[in-house]
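Take a look and give me a structure for this.
(chains A and B)
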There are 2 protein chains.
Amino acid sequence: MKFFHVKTVTETLDVIAREFEPIRPPVELSLPNALDLVLAEDVVSDEQVPHFARSTVDGYAVRARDTFGASDSLPAFLDVTGKIEMGKEASSYLKEGQAQSIPTGGMLPDGADSVVMIEHVEEVDDLINVYRQVAPGENVIRAGDDVQTGELVIEAGKRLRPQDLGVLSAIGKTKVRVYPSPIVAILSTGDEIVPADRKVLAPGEIRDINSITIAAAARQCGAEVIDGGIVPDDYPLFVQRAKELYDRADLLLLSGGSSVGTRDYTEQVMQSLGEPGVLVHGVSIKPGKPTIIAKAGGKPVMGLPGHPASAMIIFHLFVAPLIRRLQGESPSPYDRRLPARISRNVASAVGRSDYIRVKLEEREDGLWATPVFGKSGLISTLVKSDGMVEISANKEGILEGEVVQVHLFR
Amino acid sequence: MKFFHVKTVTETLDVIAREFEPIRPPVELSLPNALDLVLAEDVVSDEQVPHFARSTVDGYAVRARDTFGASDSLPAFLDVTGKIEMGKEASSYLKEGQAQSIPTGGMLPDGADSVVMIEHVEEVDDLINVYRQVAPGENVIRAGDDVQTGELVIEAGKRLRPQDLGVLSAIGKTKVRVYPSPIVAILSTGDEIVPADRKVLAPGEIRDINSITIAAAARQCGAEVIDGGIVPDDYPLFVQRAKELYDRADLLLLSGGSSVGTRDYTEQVMQSLGEPGVLVHGVSIKPGKPTIIAKAGGKPVMGLPGHPASAMIIFHLFVAPLIRRLQGESPSPYDRRLPARISRNVASAVGRSDYIRVKLEEREDGLWATPVFGKSGLISTLVKSDGMVEISANKEGILEGEVVQVHLFR
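Model prediction:
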């Protein structure tokens, strides 16, 4: 058996970033189906958006020069020679001294370079009095103002948000290549674990929590989930079920029974699934130290701690970034943590990253985070929490009033 | 026709909070299907969790009193009288001077009150030497430590997160009453709008952006979406299509054509759908002023501005809170905005809330937000943005280096 040094949080995240990538090839999907998935191709526009100059107001298309100097006391007079209709070509050339009425979004006629707002115009038969001057380009979106032909619209590695789908639809790119949702299989282990729908528990039994919480968290990250059920502390059966799930999934999560026996099993099972085997065996973190990460034939396999609160914290710290890697996402340049002040002192051991659960409270002087204490076996502490706060390995604790960064639970 | 005063952002949010509530009655769903939905009942536990005292370590169940004073130089000697197995009842009573081996998660036997960690014990045949004293309750989760019988576990109005499903599974509550996902119908209007899959555009035509972006944003909020397609600027047809969609949906969104004609139609259509009709007609905000909110027979109907960037900003500001109301969610006590410093001066008009799009950048001295300027007709400005920042109605602008709150786009 190999000997492993316990890794730091940063070292563990580095292993995840370095060792894993999307398992399955990109697929081509229509825009609505590509929402929240990660783009697998650079998208370059074949055309310009808009493909014609458009008015941004209701008014009259004009030549700006014809309005120069116009004011309330000295309006400019222009001949109205046409009426542009929405969605129709503006076919009549606009000459010096002329104006054409135009709706918001209407196509600017050739010859015109700007639009006078209707509010600044008085209509008199086939003439208008223009009471304010406009500059060339005023109240107009020019052809290509939104997207230029040949422009890189969205880069590969970006997760597609609603507005990203919007720009893709604007350029007529209604199908895109994206990485498929990774399939995550979850196997709970432990002789004491029974399904959550078991009505009456025998002494010593507890209902399965982790497979419900971890499955839900994985689905929130965009994964499809295979519920692998519960396997007892029986090595041959455990190996067999793990192998079956490993074959079907892109990521196998073993929600560890917490006994010594199960822990040993878990590691052996992970080693048995393929080379190179276990990469991380223990992280210098509380809670969650017994986390194991293996790689078997390119696929990640993770052993999560059995305590529900530990398992969820490890999910947020390591499983979510791992799923994002499998989705092909480029690392985000910033972190969505929320600063808040801690409402009491919290002690911590140097050399270990401590993660405490916190509840947020908006007070008159800003946001405060109150620690929710409790053993990591208690799921109720997580229910009372809004997020978690790291006390980094080089600190002995945090002091009341200190600003901390809260990683929010969704 | 009624006359409406333009409302402030706060007044508009008050209208939404006051006037709307879930349209359809709660449904009973299994836990995985209830993720991200809002609980429609208070959940009180019928039982305690755990329902027996459990060890949190591998070791020996003991009476703490028997270990008092034990140290490396003066160990306590205890008789090992049993071995507790995972998931099994601890049936043998533990007497004074006795110990029973116990795995993490194992059931504490009657008579024992604490567990000595295996690391602090030396095993000698049927005896153990205990080298460290434990306090009563040490290394033990007591029955009911996680959840007490009769405890209010989760309140109605809470959106169910993975950990909330976890505590529900722990108490054997595998079905819960939740509000169903609201159905949002979207109808795009405008003679110039053509479907996004139209390959070649005629002069004056543009592809539909809003129905794609708004549908995707609504789905991210947990709504089911009916794509109502595009209707031209033809009043009878517009009324008919709007009425059909209104009948099928919990919320009807009219993505406005931007011409004067369409704007008038939109309001008439909204008034025609039912009483009391239009509640908000115009918001003192830039972009997004022409926003309309109506209530027809209890259902909300909203008219969104036609410009894609305006429509998305109005979605984040008003449609998302409206969907949360329809989902039955209690208002969140804090806001998930991210503080950052603005990288340049931005001017604004007093008396109007301005929303500027920003791109975030992590610098050595913290998070900075750089304004992304561009007309609200441009979707590309949203693609380049990470979020939006409000310049409130009482400010003339914001100064470089000032801390702003960034409402993140997902």
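
CA atoms for contacts and neighbours, from now on please.
Noted.

separation between the closest residue to chain B within the stretch 1-150 of chain A and B:Leu35?
Nearest residue of the stretch 1-150 of chain A to chain B: A:Gly87, at 3.5 Å (CA to the nearest CA). A:Gly87 sits at a distance of 44 Å from B:Leu35 (criterion: CA to CA, to the nearest Å).

Could you list every helix and strand in contact with the helix or strand where A:Ile323 lies?
Following DSSP states H and E, one finds A:Ile323 within helix A:320-326. Helix A:320-326 sits against helix A:9-19, with contacts defined as 3 or more CA pairs under 8 Å, 6 or more residues apart in numbering or on different chains; DSSP states H and E.

Can you give me the buried ones in stretch A:218-238?
Buried residues in stretch A:218-238, defined by neighbour count with 16 or more other CA atoms under 10 Å in any protein chain shown: A:218-226, A:228, A:230-233, A:235, A:238.

which outside residues touch it?
Residues from elsewhere that reach stretch A:218-238, judged by CA atoms under 8 Å, 6 or more residues apart in numbering or on different chains: A:36-37, A:181-195, A:211, A:215, A:241, A:245, A:249, A:257, A:261-262, A:265, A:269, A:320, A:323-324.

can you check stretch A:68-75 too?
Contacts for stretch A:68-75 (CA under 8 Å, 6+ apart): A:Ala76, A:Asn129, A:Val130, A:Tyr131, A:Arg132, A:Gln133, A:Val134.

Next up, the contacts around the third one.
Looking back up the chat, that one is A:Val130. A:Thr67, A:Ala70, A:Ser71, A:Pro75, A:Ala76, A:Phe77, A:Leu78, A:Val116, A:His120, A:Val121, A:Glu122.

likewise the last one?
Each residue near A:Val134 by CA under 8 Å, 6+ apart is listed here: A:Ala64, A:Thr67, A:Phe68, A:Ser114, A:Val115, A:Val116.

Report the secondary structure state of it.
Look at A:Val134: counting by DSSP: H, G, I helix; E, B strand; the rest coil, its state is coil.

before we move on, the earlier item: just the buried ones out of the contacts of A:Val130, please.
A:Thr67, A:Ala70, A:Pro75, A:Ala76, A:Phe77, A:Leu78, A:Val116, A:His120, A:Val121.

List the buried residues for the helix or strand harbouring A:Ala369?
Element membership of A:Ala369 [criterion: DSSP H and E] is strand A:366-372. Across strand A:366-372, burial judged by 16+ other CA under 10 Å covers A:Leu367, A:Trp368, A:Ala369, A:Thr370, A:Pro371, A:Val372.

just checking: which of these also lie near chain B?
Filtering those for proximity to chain B by CA under 8 Å from any CA of the partner chain leaves A:Leu367.

And the average pLDDT for stretch A:171-185 is what?
Stretch A:171-185 comes out with an average pLDDT of 97.

what does stretch A:122-134 give?
Mean predicted lDDT for stretch A:122-134 stands at 95.

That one: how far from the chain's middle?
51 Å (CA atoms, centre = their mean, to the nearest Å).

Tell me the buried residues in that stretch?
Buried residues in stretch A:122-134 (16+ other CA under 10 Å): A:Ile128, A:Asn129, A:Val130, A:Tyr131, A:Arg132, A:Gln133, A:Val134.

low-confidence ranges in chain A?
When residues are selected by pLDDT under 70, those of chain A lie in A:1-4, A:257-263, A:332-335.

isn't A:Leu168 right next to A:Thr174, touching?
Yes: using CA atoms under 8 Å, A:Leu168 is in contact with A:Thr174, at 6.7 Å.

tell me, what's touching these two both at once?
Common contacts of A:Leu168 and A:Thr174 (CA under 8 Å, 6+ apart): A:Leu31.

which one of those two has more residues nearby?
A:Leu168 (26 against 19; other CA atoms under 10 Å in any protein chain shown).

quick one, phi/psi of that one?
Main-chain dihedrals, A:Leu168, degrees, to the nearest 10: phi -70, psi -40.

quick one on the thing from earlier: so for A:Gly87 and B:Leu35, which residue has more residues nearby?
B:Leu35 (23 against 20).

how about the nearest residue to the more buried one, chain neighbours excluded?
B:Leu160 (5.5 Å; CA to CA, 6 or more residues apart in numbering or on different chains).

show me the residues around the one you found that make contact.
Going by CA under 8 Å, 6+ apart, B:Leu160 touches B:Ala34, B:Leu35, B:Asp36, B:Leu37, B:Val38, B:Leu39.

Out of the residues you listed, which is nearest to chain A?
B:Leu35 (6.7 Å).

Does the closest one touch B:Pro162 like I think?
Yes: at 6.8 Å, B:Leu35 counts as touching B:Pro162 under the criterion of CA under 8 Å.

Identify the contacts common to the two.
A:Ala216.

Pull the number of nearby residues for A:Ser92.
By other CA under 10 Å, neighbour count at A:Ser92 equals 14.

helix/strand/coil for it?
Going by three-state DSSP: A:Ser92 is coil.

what about the residue found closest to it once you drop the neighbours it is linked to in the chain, neighbour count?
Of all residues not flanking A:Ser92 in the chain, A:Pro109 sits nearest, at 6.6 Å (CA to CA, 6+ apart). By other CA under 10 Å, 25 other residues sit near A:Pro109.

And the buried ones among the contacts of A:Val130, which is closest to A:Pro300?
Taking CA to CA as the measure, A:Pro300 lies nearest A:Val116 of the buried ones among the contacts of A:Val130, at 61.9 Å.

List the ones among the contacts of stretch A:218-238 that fall in helices.
The helices, defined by DSSP state H, take in A:Ser211, A:Ala215, A:Arg241, A:Leu245, A:Gly261, A:Thr262, A:Tyr265, A:Val269, A:Ala320, A:Ile323, A:Arg324 from the contacts of stretch A:218-238.

got the residues you listed as CSV, with neighbour count columns?
Output for the ones in helices among the contacts of stretch A:218-238, formatted as CSV (neighbours: other CA atoms under 10 Å in any protein chain shown):
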residue, neighbour count
A:Ser211, 26
A:Ala215, 22
A:Arg241, 15
A:Leu245, 20
A:Gly261, 14
A:Thr262, 21
A:Tyr265, 21
A:Val269, 22
A:Ala320, 18
A:Ile323, 27
A:Arg324, 23
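
from these, which two are the most distant?
So, those by CA to CA: farthest apart are A:Gly261 and A:Arg324, at 31.9 Å.

related to what we said a few turns ago, outside of the helix or strand that the helix holding A:Ile323 is followed by itself, which residues are in contact with it?
Sequence-wise, the next helix or strand downstream of helix A:320-326 (DSSP H and E) is strand A:338-342. The contact list for strand A:338-342, computed with CA under 8 Å, 6+ apart, reads A:360, A:366-371, A:398-408, B:336-339.
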